[in-house]
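>>> give me a 3D structure for the following:
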Amino acid sequence: MMRFRPGASGLALLAVCSLTLAACSAGSLGSSDDAGGNGAVEITYLIGNQDQDLKDAKQLVKDFTAKNAGITIKIETRPAGTEGDNIVKTRLSTGDMPEVFNYNTGSLFQAIAPQKNLVSLSDQPYIGTMDDNFKNTVTADGQVYGVPVGGFMGGAVLYNIPIYKRLGLTPPKTWAEFMANSAKIKAAGIAPVIQTYGETWTAQLFVLGDFHNVAAAEPDFADKYTKNEAKYATSPAALKGFEHTEAVHDAGFENKDFASAKLPDGLKMLATGKGAQYPILSGVVDNMMATYPDAKENVGLFALPGDDASKNGLTVWTPGANYIPKTTTGAKLDAAKKFLAFIASPDGCKSQATSGAPTGPYAIKGCTLPADVPQAIKDMQPYLDKPGASSLALEFVSPVKGPSLSQITVEVGSGIRKAKDGAARYDEDVKKQAQQLGLAGW
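Residues are numbered from 1 along each chain as shown. Just a heads-up that it's a prediction; the model follows:
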């Protein structure tokens with residue numbers, strides 16, 4: 001279940017239950033037979049071993065089995081990262097995958113050969129209620145294979161609401177407005193744009209979070225990029241993310257300690273009003289509130305602005321998904337489908353909200369955020385509700401992503417490398433990965 005993991009999918013809060021594949025029991029009925037003499041069925045649910053994942057899974061199982069007395073669900077855990085990826089692929093290839101398992105969406109989903117290994121869910125009645133952004137990340141050859149667990153995350157700007165109110169500012173919808181706001185904030189003696197290059201992954205947001213604007217200007221960029229027919233250095237829209245990173249540095253809008261500051265420092269600056277705007281993933285909001293409770297009301301969110309206010313929108317990272325392997329059959333398949341239908345329902349969303357604060361809006365229509373979620377998370381909802389006002393991050397629509405983007409954006413944002421040079425260097429950086437993937441045109 002995809003919670004905030006900057007070390008995964010290119011952009012980590014780990015630990016728990018079992019570092020092996022030992023089962024954690026949840027539920028109290030049934031036998032391990034396909035269907036026992038009393039009609040009871042037991043299935044197993046494989047998830048990552050992160051603390052929040054386990055909390056979410058236990059709550060889902062508890063709430064589902066309370067309504068489905070004949071079904072028992074055991075929980076198994078697997079490690080995160082590359083080791084966990086390998087376990088998923090191995091268990092699928094050997095026919096040893098539990099009846100339901102949680103895994104990534106997007107390009108990593110495509111890499112597990114869904115047409116060969118997974119049960120299509122396209123005939124399920126809830127498919128029409130799933131957000132199109134999410135649905136695209138679990139679709140192969142026109143068939144939908146997964147249901148979402150967790151909420152969206154936005155690559156956006158978190159901002160200090162009291163500072164904005166005091167200076168008479170409104171959330172910008174264009175880059176020019178963003179820079180004008182930043183100039184007024186600097187004149188007030190406050191750091192306009194928080195950067196935390198002590199944790200290099202945080203340097204990527206002006207590039208990665210800008211992809212909605214790239215897609216709005218060049219709708220076929222992701223497809224051409226995957227085919228090596230478009231590049232960051234030669235696409236005016238894609239280059240903008242590097243140019244914005246450079247512009248903020250050149251204008252002197254960064255906090256003085258941007259080179260050494262880390263994520264906790266950035267969150268402190270934002271929450272306490274020492275800094276006004278922080279380009280970051282919305283998944284950090286829960287972490288910030290744990291230390292600075294007032295941030296619940298005092299920190300808002302707006303999408304990274306581009307050039308056209310009419311196309312203003314949010315770049316989103318989709319939640320992970322639950323899948324059923326084709327080795328699941330009979331009564332166990334029926335039980336697994338019932339479990340997924342519950343997860344993809346308003347009751348399933350309520351269950352997840354019980355186990356932890358959402359990282360963003362849910363990917364199921366009819367699911368509403370709890371009234372007490374932080375303002376920054378509430379601010380994401382209008383982007384998801386408005387047609388055309390949100391786009392998937394590039395990593396969900398293209399498998400091409402180089403390993404050095406964070407280091408390159410640190411250089412550009414530190415004045416060490418110019419934007420055009422940084423973009424060209426990144427274009428070179430992705431080539432090896434694309435070749436390893438065997439992509440045509442590379």
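>>> what separation is there between Gly273 and Asp210?
Using Cβ to Cβ, to the nearest Å, one obtains 26 Å as the distance from Gly273 to Asp210. In this view, the C-beta of every residue, glycine as well, is placed from N, C-alpha and C.
>>> of those two, who's got more company?
Asp210 (28 against 15; other Cβ atoms under 10 Å).
>>> could you count how many residues lie near the closest residue to Trp317 other than its chain neighbours?
Among residues not flanking Trp317 along the chain, Met153 sits closest, at 4.3 Å (Cβ to Cβ, 6 or more residues apart in numbering). Met153 has 28 neighbours, counted by other Cβ under 10 Å.
>>> swap in Ala203?
Neighbour tally, Ala203, other Cβ under 10 Å: 26.
>>> contacts only, for the nearest residue to it once chain neighbours are set aside.
Closest residue to Ala203 apart from its sequence neighbours, by Cβ to Cβ, 6+ apart: Thr409 at 4.1 Å. Thr409 is in contact with 200, 203-204, 206-207, 242, 245, 422, counting by Cβ atoms under 8 Å, 6 or more residues apart in numbering.
>>> try Asn228
Asn228 is in contact with 434, 439, 441-442, counting by Cβ under 8 Å, 6+ apart.
>>> filter the residues you listed down to the buried ones, PyMOL style.
The command below creates a PyMOL selection of those among the contacts of Asn228 that count as buried (16 or more other Cβ atoms under 10 Å):
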select buried, resi 434+442
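>>> among the contacts of Asn228, which two are most distant?
Ala434 and Gly441 (8.2 Å; Cβ to Cβ).
>>> now do Leu13, the pLDDT please.
Looking at Leu13, its pLDDT stands at 32.
>>> cool, and the one 10 residues further on?
Ala23 carries a pLDDT value of 34.
>>> now do Thr174
The model reports Thr174 with a pLDDT of 98.
>>> so of the contacts of Asn228, which ones are in helices?
Ala434 (DSSP state H).
>>> out of the contacts of Asn228, who's nearest Ser414?
Ranked by distance to Ser414 (Cβ to Cβ), the contacts of Asn228 are led by Ala434 at 27.4 Å.
>>> touching, that closest one and Trp442? I think so.
Yes. If you go by Cβ atoms under 8 Å, Ala434 and Trp442 touch, sitting 4.2 Å apart.
>>> low-confidence ranges in this protein?
Low-confidence segments of the chain, defined by pLDDT under 70: 1-39.
>>> any idea which residue sits dead centre in it?
In the chain, the residue lying closest to the centroid (Cα atoms, centre = their mean) is Trp317, at 3.1 Å.
>>> how close does that one get to Trp201?
Separation of Trp317 from Trp201 (Cβ to Cβ): 13 Å.
>>> now Thr315
Separation of Thr315 from Trp201 (Cβ to Cβ): 16 Å.
>>> so which strand or helix has Gly155?
strand 153-160 (DSSP states H and E).
>>> hey, what's Val157 bridged with?
Bridge pairing for Val157 (DSSP bridges) gives the partners Pro279, Phe302.
>>> tell me who's in contact with it.
If you count contacts by Cβ under 8 Å, 6+ apart, Val157 has them with 178, 277-280, 301-304.
>>> mind checking which of those residues are buried?
Judged by 16+ other Cβ under 10 Å, buried ones among the contacts of Val157: 178, 277-280, 301-304.
>>> can you put those residues in JSON lines and add distance to Cys367?
Below are the buried ones among the contacts of Val157 laid out as JSON lines (distance: Cβ to Cβ, whole Å):
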{"residue": "Phe178", "distance to Cys367": "31"}
{"residue": "Gln277", "distance to Cys367": "29"}
{"residue": "Tyr278", "distance to Cys367": "27"}
{"residue": "Pro279", "distance to Cys367": "27"}
{"residue": "Ile280", "distance to Cys367": "24"}
{"residue": "Leu301", "distance to Cys367": "19"}
{"residue": "Phe302", "distance to Cys367": "23"}
{"residue": "Ala303", "distance to Cys367": "21"}
{"residue": "Leu304", "distance to Cys367": "25"}
